[in-house]
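Curious how this folds, go ahead:
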Amino acid sequence: MEEDIGIEVFITKSKGIGGKIKKEPEDFIVEEVSIYPQPSNGRYVIARITSRNWETNRLIEKLAHNLRISPNSIGYAGIKDKRAVTIQLMSFPVDIEKLRNIRIPDVEIEILYRSSKPVYSGKLIGNRFHIVIRDVDGSRKDVERIMKEIEELKLIPNFFGVQRFGIARPITHIVGKYILKNDMEKAVMTYIANPIKGEDEESYKARRFLEETRDFEEALKIYPKKLVFERRIIEYLCSHPGEWKNALLRLPKNLVRIFLHAYQSYLFNKILSYRIKRGLPIDEALEGDIIIIWDKEMVVQSYEGIRVNKNNIDKINRQIKKHKCFPSAAIVGYDLLKAEGIMGEIEREVMKEEAITEDEFKMPHMPELACRGMRRIISVPVKNLKWRFDGKNLHLQFFLPKGCYATSLLREIMKADIFSY
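Coordinates of the predicted model:
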């Protein structure tokens with residue numbers, strides 16, 4: 001099923017060790033390495049939020065409800081998965097005492113200081129991970145072999161991980177393509193119905209009922225309460241039948257935007273997969289590539305880059321070996337800085353297969369959601385990697401820059417089915 005999200009290859013040759021992550025939320029601890037707003041006597045309270053088993057969008061909704069403010073007024077740097085323990089910085093335009101009195105199960109709020117600046121999306125350095133892969137299938141030699149290969153490579157393909165697309169139901173990119181194509185009915189029904197095995201039985205049966213009957217009023221009675229966003233859309237369609245676009249806009253705008261970004265991520269994964277499948281390097285520049293310079297903030301994605309030609313290729317490849325810059329692939333959108341050479345051919349091939357154009361990302365039917373094209377590095381260094389195998393479970397610690405996925409490393413180690421991540 002990884003092919004369904006555009007990931008078709010491994011960079012490592014060693015046998016995977018299997019196993020499973022996230023048997024318990026504590027098996028996956030992710031801590032943001034934050035960029036802190038300057039302290040001042042401003043309107044925002046800056047707080048460190050530790051949550052267990054909370055997906056960021058749903059946590060924001062809950063915090064906003066309890067504080068009686070708009071979800072859009074809460075600042076945060078990155079989206080985190082549900083089945084994990086996450087530590088992240090947030091900002092709130094409220095009185096300190098009001099925030100101090102909030103009580104939410106499995107959420108700890110540590111108030112730090114006030115600031116005149118909020119926490120902005122994307123403004124973080126990266127994430128520290130503490131992960132346990134449980135019930136490893138391989139032997140100690142298997143573990144040592146794959147970990148030695150990872151350590152020698154020092155780099156992994158910078159795929160967007162399955163979390164970008166939904167772990168139980170990896171369909172966000174499909175919803176995004178329908179939104180891009182202005183097919184709002186298919187976008188909505190793919191999100192709220194479209195049963196996929198792997199989800200819990202109650203949710204699966206409810207989705208199947210709606211898929212088969214299109215009876216929104218009855219569906220609302222049986223949809224699990226935890227499917228908050230789906231229920232919100234269904235409730236709207238009960239009283240506004242056929243208003244698919246308005247129903248979709250009942251979701252938080254950042255979630256609708258995530259659908260489109262997921263489709264861009266799917267295209268990136270396909271482009272990177274094609275490069276690797278053709279035997280082309282991910283740690284070396286080719287003529288026509290666009291290079292992103294890795295500065296102190298470790299820029300993973302950029303609207304700009306340096307084009308590789310026969311005059312600068314040797315110098316650029318020396319810098320790549322020092323991890324000062326990296327080749328990139330397209331995150332397709334309007335005003336995209338296009339690669340040339342073989343990488344440009346691959347990018348055009350993927351877009352042709354998907355029957356899309358850059359201009360479609362201007363979203364004339366929803367211009368507020370327009371997606372500009374950019375470049376993303378195709379490989380990423382794994383920093384501060386430590387591991388310990390206790391005979392059954394593999395314990396890992398490592399750092400990745402912002403926007404990079406732990407599952408891109410874990411899949412190389414485990415080589416398991418998609419639901420193991």
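
hey, let's count contacts and neighbours off CA atoms from now on
OK.

which residues touch L409?
L409 makes contact with I156, according to Cα atoms under 8 Å, 6 or more residues apart in numbering.

element containing it, please.
Per DSSP states H and E: L409 is located in helix 406-414.

What separation do you get for the residue nearest the centre of the chain and G403?
Nearest to the geometric centre of the chain sits R164, at 3.4 Å (Cα atoms, centre = their mean). Distance of R164 to G403, computed by Cα to Cα, to the nearest Å: 10 Å.

swap in I79?
With distances taken as Cα to Cα, I79 is found 10 Å from G403.

Compare neighbour counts for those two and give me the winner.
Neighbours were counted for I79 and for G403 using other Cα atoms under 10 Å; G403 has more, 20 against 15.

Spatially nearest residue to that one, not counting backbone neighbours?
The spatially closest residue to G403, leaving aside those adjacent along the chain, is V300, at 7.0 Å (Cα to Cα, 6 or more residues apart in numbering).

burial count for that neighbour?
For V300, the count of nearby residues is 23 (other Cα under 10 Å).

can I assume it is in contact with R376?
Yes - counting by Cα atoms under 8 Å, V300 does reach R376; the two are 5.7 Å apart.

Residues that sit against both of the two, list them.
Contact criterion Cα under 8 Å, 6+ apart; residues shared by V300 and R376: I292.

Kindly state the pLDDT recorded for K22?
What the model reports as pLDDT for K22 is 87.

Now name the helix or strand holding it.
Per DSSP H and E, there is no helix or strand for K22.

neighbours of it, just the number please.
Neighbour count of K22, defined by other Cα under 10 Å: 18.

And for it, nearest residue in space, chain neighbours not counted?
Nearest residue to K22 in three dimensions, chain neighbours excluded: F28, at 5.9 Å (Cα to Cα, 6+ apart).

If the one you found is in a bridge, with which residues?
I131 (DSSP bridges).

How much space separates it from G198?
20 Å.

Neighbour count for these two, which is higher?
F28 (21 against 11).

pLDDT at G198, what is it?
80.

how near is the residue nearest to K22 to V132?
For F28, the distance to V132 (Cα to Cα) stands at 7 Å.

and if you look at G176?
Note on G176: its distance to V132, by Cα to Cα, is 32 Å.

same thing with V308?
V308 is 40 Å from V132, by Cα to Cα.

go on, T56?
Distance from T56 to V132, by Cα to Cα: 22 Å.

now swap in D200 and tell me
Remark: distance between D200 and V132 (Cα to Cα) = 23 Å.

Likewise for N254?
Note on N254: its distance to V132, by Cα to Cα, is 31 Å.
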